[in-house]
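J.: Make a model of this:
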Amino acid sequence: MLVGFCCLPSAPARGAGSGRGIGIAVEFNDHPLCAYVARDRGWFEKAGLRLRSYESYVTGMALAAALARGDIQAAYVCLVPAINVYANAEVPIKIICGTHRYGYGLVVNPEKIKKVRDLMNPGIRIGCVREGGSVDLVLHKVMEGYGLDKESILKKVQRMNPPAQLLAIKTGRLDAAFLPEQWATMAEDSGFKMLLTARDVWPGMQGSVLVVKEDFIEKHPDLVKALLKVTLYATDWAGKHPGEAAKILARQLSIAGDKIFPAKLARITSKFEITPETLLCSMGRLEYTNAIDPGTVQEVIRFMTKMGYLRHEFRARDILRLSPHP
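T.: Model prediction:
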């Protein structure tokens with residue numbers, strides 16, 4: 001692809017975004033680093049984007065469900081739930097750029113698990129997010145790539161959201177966990193070891209993307225252009241200033257922690273301290289880039305279809321609306 005860095009746009013001289021605010025949703029993790037940085041620095045407003053709402057969701061699947069609402073026009077969300085909401089819920093969205101590659105890992109209790117095949121050992125307790133999520137696809141890639149017995153492994157898997165998995169790790173109720181970043185790195189702070197990352201099992205795996213509702217693209221192309229420019233600028237800035245970006249992200253996640261959706265999880269997430277040091281380590285495991293390879297998107301669609309998460313395979317270009325330059 002496709003898009004490259006460009007200067008942060010200034011707000012139009014008159015009536016910037018007047019009466020045309022935008023609702024944005026993000027995941028509660030370091031995947032949408034660019035969005036958290038842009039919000040902290042006031043770059044959305046500087047570009048003329050009036051934020052009607054800015055909501056944080058604990059998982060991409062929960063965020064995807066919110067996309068069906070009329071008050072959310074754009075979202076920074078993992079590719080897999082974006083495909084789900086487009087193909088299964090038939091929510092008309094387009095992917096206009098990426099935010100990162102990779103961002104998922106397998107962490108284990110090193111006293112019980114030394115190698116991947118130890119997951120097969122009797123009594124091993126495995127955590128993973130619900131079926132059809134990005135981390136679930138990584139779980140299936142690991143089973144395929146390492147020749148693990150699928151039926152045996154899936155019987156061991158306990159489906160939990162990332163905060164619940166981390167709490168289970170801290171209380172000795174899991175021996176292994178498939179998690180998105182930054183939760184996987186946070187598990188290391190509890191004595192677990194990173195055994196695999198998405199880089200090991202799925203080279204080039206697309207992480208999160210920026211999606212926008214089709215009707216908003218048609219009605220407000222200027223605002224979409226501004227949103228894209230802010231995203232590119234913030235991604236580039238964070239790449240050049242990772243330490244400062246980690247501090248900003250820690251501050252923003254702390255603010256969002258007791259206000260995330262679903263609201264019932266706020267009580268759990270507010271208990272965790274997410275430090276800039278942990279975030280900086282986690283961010284190093286992601287490749288922050290706005291580029292997207294359509295062939296990789298097609299590969300994800302094909303794998304989801306094979307797993308039965310999509311009724312039929314569709315063309316990646318149907319969900320992509322990438323431009324060479326905003």
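J.: For P163, give me its contacts.
T.: The contact partners of P163, taken as C-beta atoms under 8 Å, 6 or more residues apart in numbering, are V58, W183, L265, I268, T269, F272. Just so you know, the C-beta spots here come from the backbone N, C-alpha and C atoms, and that holds for glycine as well.
J.: Check C128 too.
T.: V135, D136, L139, V157, Q158, R159, M160, Q165, A177, F178.
J.: hang on, the earlier thing: by neighbour count, which of the contacts of P163 wins?
T.: Using other C-beta atoms under 10 Å as the neighbour test, the contacts of P163 are led by W183, with 27 neighbours.
J.: so how many other residues sit close to the residue lying closest to Y309 once chain neighbours are set aside?
T.: Spatially, and ignoring its direct neighbours in sequence, Y309 is nearest to G132 (4.7 Å; C-beta to C-beta, 6 or more residues apart in numbering). As a burial measure, G132 scores 19 neighbours (other C-beta under 10 Å).
J.: do the same with the one 4 residues further on
T.: D136 has 22 neighbours, counted by other C-beta under 10 Å.
J.: How about the one 5 residues further on?
T.: Look at K141: counted by other C-beta under 10 Å, it has 18 neighbours.
J.: and the gap between it and D200?
T.: Counting by C-beta to C-beta, to the nearest Å, the gap from K141 to D200 is 9 Å.
J.: quick one: the helix or strand that contains L228 to chain centroid distance?
T.: For L228, the enclosing helix or strand under DSSP states H and E is helix 221-240. Between the centre of helix 221-240 and the centre of its chain there are 17 Å (C-alpha atoms, centre = their mean, to the nearest Å).
J.: cool, stretch 195-214 as well?
T.: On C-alpha atoms, centre = their mean, the centre of stretch 195-214 falls 8 Å from the chain's centre.
J.: Run a quick check on the residue nearest to Y309 versus N84, I expect a contact.
T.: Yes - using C-beta atoms under 8 Å, G132 is in contact with N84, at 6.1 Å.
J.: any residues in contact with both of these two?
T.: Joint contacts of G132 and N84 (C-beta under 8 Å, 6+ apart) are M61, M304, Y309.
J.: Out of those, flag the one nearest to A256.
T.: Using C-beta to C-beta, M61 comes nearest to A256 of the shared contacts of G132 and N84, at 17.8 Å.
J.: which ones are touching that closest one?
T.: Counting by C-beta under 8 Å, 6+ apart, the residues that M61 touches are P81, N84, V129, R130, G132, G133.
J.: The third one: how many residues sit nearby?
T.: I take that to be V129. Neighbour count of V129, defined by other C-beta under 10 Å: 27.
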